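Peer 1: okay, predicted coordinates and the sequence, questions at the end:
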Number of protein chains: 2
Amino acid sequence: MNLKDLAASLGLSQTTVSRALNGYPEVSEATRKRVAEAARRHGYRPDSRARSLATGRAMAVGLVLPMTAKQEIVNPVFSDFVAGAAETLAVHGYDIVLSLATEEEETNVYRSMLSKGRVDGMIMQAPLTGDRRIQLLKDLGMPFVVHGRVSDHDDEYCWMDMDNRHAFQEATEHLLDLGHSRIALLNGIEAMDFAHRRRDGFLDALSERGLSVDPEIMDSAVMTEQYGYGAALRMLALPVPPTAFLTSSLLVAMGVQRAIQAKGLRIGLDVSVVTHDDGLSYLPNGSADAPIFTATRSPVREHGNICAETLLKLIDTPKTPPYHTKLKATLTIGPSSGPAPSV
Amino acid sequence: MNLKDLAASLGLSQTTVSRALNGYPEVSEATRKRVAEAARRHGYRPDSRARSLATGRAMAVGLVLPMTAKQEIVNPVFSDFVAGAAETLAVHGYDIVLSLATEEEETNVYRSMLSKGRVDGMIMQAPLTGDRRIQLLKDLGMPFVVHGRVSDHDDEYCWMDMDNRHAFQEATEHLLDLGHSRIALLNGIEAMDFAHRRRDGFLDALSERGLSVDPEIMDSAVMTEQYGYGAALRMLALPVPPTAFLTSSLLVAMGVQRAIQAKGLRIGLDVSVVTHDDGLSYLPNGSADAPIFTATRSPVREHGNICAETLLKLIDTPKTPPYHTKLKATLTIGPSSGPAPSV
DNA sequence: AATCACCTCCAAAGCGCTTTGGACATTCGT
DNA sequence: ACGAATGTCCAAAGCGCTTTGGAGGTGATT
């Protein structure tokens, strides 16, 4: 049943039926009722393509699943991020069109997005340092917002990001204030742009207090529990082991925790752990009033909300200058960090 | 630049240009070259809506983000599943259209899918017991496949599932064979249909050996690390604590592990742990040759592949009878399970 | 009684593509 | 040399919706 048939069955024109259904004022309340009723009865569902073709709006935004083919890992942050974005978009009647970014076929990456009209804008996640995709998106001339950013060209596009540098600086200072001077950093892989900024924050805090860096207690890898466990185990076996760990994700912190326990040490007493917490719904850091880890927290679901919000604004008024949101993470003190043990 | 303009600029008809671009045989190699070149030069991108409207195929499938508004948790399995689905779909040129399922507006759940033409079929995830959405999908008359199933109406629709019952039966038997007779079950929330079947497998294995069940060492909740930790701690404090735990997810198992360590017990020696492992890429169970936990494993990314494959088949030949795939999980022995301690 | 504004509705022109049903040359078999 | 087969291209009809630019009728205003 299409609009034409529906109109015919009512003895009305398509125009009137369309207007009645879409809430335009130039149709009497009586006919509107009649039309709505008939539509319901016939199970009429407008064709989104036809509508989109006529209106020029796709009512959908694109999202690329951040996944480099090499390391077949899916960003654990993805599901919460997308939930946040979808949530906000749904309110405005927008859908999300997902596509997979594999590095090989870089040119073909945005295949579906390349065919015009499928989406009104795009959200890009997890940019790498010097990510070429940003230029690609710019060339496409489609509104887009980046979750995260690439340090060099900050001002030329729209992004929303957490203040990674500040968060890690603050976390480090927290540990320094507790008397720790030998702090290990377990970072994410440094191809991710945010990892750089996190390290910078860490290093800034150290050098501000005149502390130098020991590369032996700095590592970076894909953020898994295993990684945290292995790296912590190795570092704790050093002649002068770190008294504190700063990790890039809760999962890594959990690995560190396991290593600490395996060594027969006590977390928060013998060894402190501070982590960043993306606020993933399935991986909560204890509860709000009783966190497990001391953590800089910035829920990624909220990031999704903001990215969506920003993109919608951009779609509405395409000529707005590049707009940025920088979120501050909140430092929550938990039992995992305590005064440095006196030697 | 649209097809019309492109054709005009070449002095050809739209028909010819369209055919040249889409690889139809009735166009000379020379013109095909010329057209392709011009298209590239002008950056011509066909409008997916117009094409879809003309062909009748959307070249996209719908996916509902499984999320009940109440428990604001995003299924951790989602990202890997969707990666698998996207992977397979991309090969065939299909996109994924995501939408959010909130329980409140049940009727409105498939809003975007309801507007015809956006997708050619749907994948539904994480069905609840007696899930009404399946009937809804059937009524829509659109091809769909369910990841998981609802026990009662197995045969009326297309699904792919893991043999949850068998997996948990096997896991339980493994523990029984090791001499454990007091086994705790930490299940997922039982609103999820698969949780039922897992429990059934567990109970079957027990009753086969004439063992009865102690409800005090059976629990079910959202599968987080915290839950595993808390439940295990509580159960280990019982007068007759369990000597083994069977958990529904790696995250829960990690929580159990933490509780065991906190109690000063040794995993695999004092207390055994067996878990199901969804093979999430960001939460690996050790490595293939050195697993951390004894686990029944069935990578959910593969589930995504299969669901997509199945759906594509269904879209191609809509009249195929309901088609089912049941995957067997593989039991991998790790150091987390060992002989029951002699009393 | 004539004018005006307003309300309610409609015909038809797109939106940009695919595809049907030929048209017009050119080449082939005999 | 002639009809048939083949190769190459085209005009135009959709696909199902929105939206422009009126048309006709009603009641209020002058």
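Peer 2: It's in. Everything numeric here is computed off the predicted structure, so don't read it as measured data. Numbers count the residues shown, from 1 in each chain, chains lettered A, B, ... in the order given.
Peer 1: correct me, but A:D155 touches A:P321?
Peer 2: No. Using C-beta atoms under 8 Å as the test, A:D155 is too far from A:P321 to be in contact (9.2 Å). Placement of C-beta: from N, CA and C, glycine included.
Peer 1: and those two? which has more neighbours close in?
Peer 2: A:D155 (10 against 7; other C-beta atoms under 10 Å in any protein chain shown).
Peer 1: distance of the more buried one relative to chain B?
Peer 2: 26 Å (C-beta to the nearest C-beta, to the nearest Å).
Peer 1: helices along the stretch 1-150 of chain A, start to end?
Peer 2: Secondary structure of the stretch 1-150 of chain A (DSSP state H, counting those that start in this stretch): helices at A:3-10, A:14-21, A:29-42, A:48-55, A:78-91, A:111-114, A:133-140.
Peer 1: rank those helices by pLDDT, which is bottom?
Peer 2: Per-stretch mean pLDDT for the helices of the stretch 1-150 of chain A is lowest at helix A:111-114 (a mean of 62).
Peer 1: turn the helices of the stretch 1-150 of chain A into TSV, columns for mean neighbour count and distance to B:L236.
Peer 2: As requested, these are exported to TSV (neighbours: other C-beta atoms under 10 Å in any protein chain shown; distance: least, C-beta to C-beta, whole Å):
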stretch	mean neighbour count	distance to B:L236
helix A:3-10	16	65
helix A:14-21	19	61
helix A:29-42	14	57
helix A:48-55	19	55
helix A:78-91	24	31
helix A:111-114	20	51
helix A:133-140	17	50
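Peer 1: select, out of the ones you listed, the one closest to A:H166.
Peer 2: helix A:78-91 (20.6 Å; C-beta to C-beta).
Peer 1: re earlier: format the helices of the stretch 1-150 of chain A as JSON lines; extra columns: distance to A:E309.
Peer 2: What follows is the helices of the stretch 1-150 of chain A, written out as JSON lines (distance: least, C-beta to C-beta, whole Å):
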{"stretch": "helix A:3-10", "distance to A:E309": "33"}
{"stretch": "helix A:14-21", "distance to A:E309": "28"}
{"stretch": "helix A:29-42", "distance to A:E309": "31"}
{"stretch": "helix A:48-55", "distance to A:E309": "22"}
{"stretch": "helix A:78-91", "distance to A:E309": "6"}
{"stretch": "helix A:111-114", "distance to A:E309": "20"}
{"stretch": "helix A:133-140", "distance to A:E309": "19"}
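Peer 1: looking at the ones you listed, spot the one closest to A:E225.
Peer 2: Using C-beta to C-beta, the nearest of the helices of the stretch 1-150 of chain A to A:E225 is helix A:78-91, at 17.5 Å.
Peer 1: now the angle from that closest one to helix B:78-91?
Peer 2: In terms of direction (axes from the mean of the first three to the mean of the last three C-alpha atoms, to 10 degrees), helix A:78-91 departs from helix B:78-91 by 80 degrees.
Peer 1: quick one: helix A:78-91 to chain centroid distance?
Peer 2: 10 Å (C-alpha atoms, centre = their mean, to the nearest Å).
Peer 1: packing partners of it?
Peer 2: strand A:60-66, strand A:95-101, strand A:121-125, helix A:300-316, strand B:60-66, helix B:78-91, strand B:95-101 (3 or more C-beta pairs under 8 Å, 6 or more residues apart in numbering or on different chains; DSSP states H and E).
Peer 1: ok, the second one near chain B or not?
Peer 2: Yes. Strand A:95-101 is in contact with chain B by C-beta under 8 Å from any C-beta of the partner chain, via A:D95, A:I96, A:V97, A:L98, A:S99, A:L100.
Peer 1: as CSV, could you dump the C-alpha coordinates of that strand?
Peer 2: Only the C-alpha atoms of strand A:95-101 are listed here, as CSV (Å, rounded to 0.1, in the frame of the first residue of the first chain):
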residue,chain,number,x,y,z
ASP,A,95,19.2,6.5,12.2
ILE,A,96,22.8,5.3,12.2
VAL,A,97,24.3,3.7,9.2
LEU,A,98,27.3,1.6,10.1
SER,A,99,30.2,0.7,8.0
LEU,A,100,33.4,-1.1,8.5
ALA,A,101,36.7,0.7,8.1
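Peer 1: that older thread, as TSV, the helices and strands packed on helix A:78-91 with distance to DNA strand C would be great.
Peer 2: Below are the helices and strands packed on helix A:78-91 laid out as TSV (distance: least, C-beta to the nearest atom of the strand, whole Å):
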stretch	distance to DNA strand C
strand A:60-66	16
strand A:95-101	18
strand A:121-125	18
helix A:300-316	17
strand B:60-66	16
helix B:78-91	19
strand B:95-101	16
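Peer 1: to B:G148, which of those lies closest?
Peer 2: So among the helices and strands packed on helix A:78-91, strand B:60-66 is nearest, using C-beta to C-beta, at 9.6 Å.
Peer 1: what does the closest one rub up against?
Peer 2: Residues from elsewhere that reach strand B:60-66 (C-beta atoms under 8 Å, 6 or more residues apart in numbering or on different chains): A:82-83, A:86, A:97-98, A:112, B:74-75, B:78, B:82, B:85, B:89, B:94-101, B:109-110, B:112-113, B:118-126, B:133, B:308, B:311, B:315.
Peer 1: let's see it at 6 Å
Peer 2: Strand B:60-66 is contacted from outside by A:86, B:75, B:94-101, B:113, B:119, B:121-126, B:311, using C-beta atoms under 6 Å, 6 or more residues apart in numbering or on different chains.
Peer 1: for chain A, which residues are neighbours of DNA strand D?
Peer 2: A:2-4, A:14-15, A:18-19, A:21-22, A:26, A:44-47, A:50-51, A:53-55 (C-beta under 7 Å from any atom of the strand).
Peer 1: near DNA strand C, which of these show up?
Peer 2: A:Q14, A:T15, A:E26, A:A50, A:L53, A:A54.
Peer 1: so which of those residues comes closest to A:W159?
Peer 2: Relative to A:W159, and with distances defined as C-beta to C-beta, the nearest of these is A:L53, at 31.3 Å.
Peer 1: which one is that closest one nearest to, not counting chain neighbours?
Peer 2: Distance criterion C-beta to C-beta, 6 or more residues apart in numbering or on different chains; nearest residue to A:L53, sequence neighbours excluded, is B:R49 at 4.7 Å.
Peer 1: looking at chain A, which helix or strand is least sure?
Peer 2: When the helices and strands of chain A are scored by mean pLDDT, DSSP states H and E, helix A:111-114 comes last with a mean of 62.
Peer 1: so, in contact with chain B or not, stretch A:188-195?
Peer 2: No. Stretch A:188-195 stays clear of chain B (C-beta under 6 Å from any C-beta of the partner chain), getting no nearer than 11.3 Å.
Peer 1: okay, that stretch in PDB with CA atoms only?
Peer 2: Output of stretch A:188-195 as PDB, limited to C-alpha atoms (Å, rounded to 0.1, in the frame of the first residue of the first chain):
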ATOM      1  CA  GLY A 188      47.200   2.300  24.900                       C
ATOM      2  CA  ILE A 189      48.900   1.800  21.500                       C
ATOM      3  CA  GLU A 190      50.400   5.100  20.500                       C
ATOM      4  CA  ALA A 191      49.100   4.900  17.000                       C
ATOM      5  CA  MET A 192      45.900   6.300  18.600                       C
ATOM      6  CA  ASP A 193      46.200  10.000  18.900                       C
ATOM      7  CA  PHE A 194      44.800  10.200  22.400                       C
ATOM      8  CA  ALA A 195      47.600   7.900  23.700                       C
END
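Peer 1: what mean pLDDT would you report for that stretch?
Peer 2: For stretch A:188-195, the per-residue pLDDT averages 90.
Peer 1: for it, which residues meet the burial criterion?
Peer 2: Buried residues in stretch A:188-195, counted by 16 or more other C-beta atoms under 10 Å in any protein chain shown: A:G188, A:I189, A:M192, A:D193, A:F194, A:A195.
Peer 1: wait, is the last one part of a strand?
Peer 2: Pointing back at A:A195 there. No. Counting by DSSP: H, G, I helix; E, B strand; the rest coil, A:A195 is not part of a strand but helix.
Peer 1: can you pick the most crowded of the residues of strand A:95-101 next to chain B?
Peer 2: Neighbour max across the residues of strand A:95-101 next to chain B (other C-beta under 10 Å) = A:D95, 26 neighbours.
Peer 1: right, I'll call it a day here.
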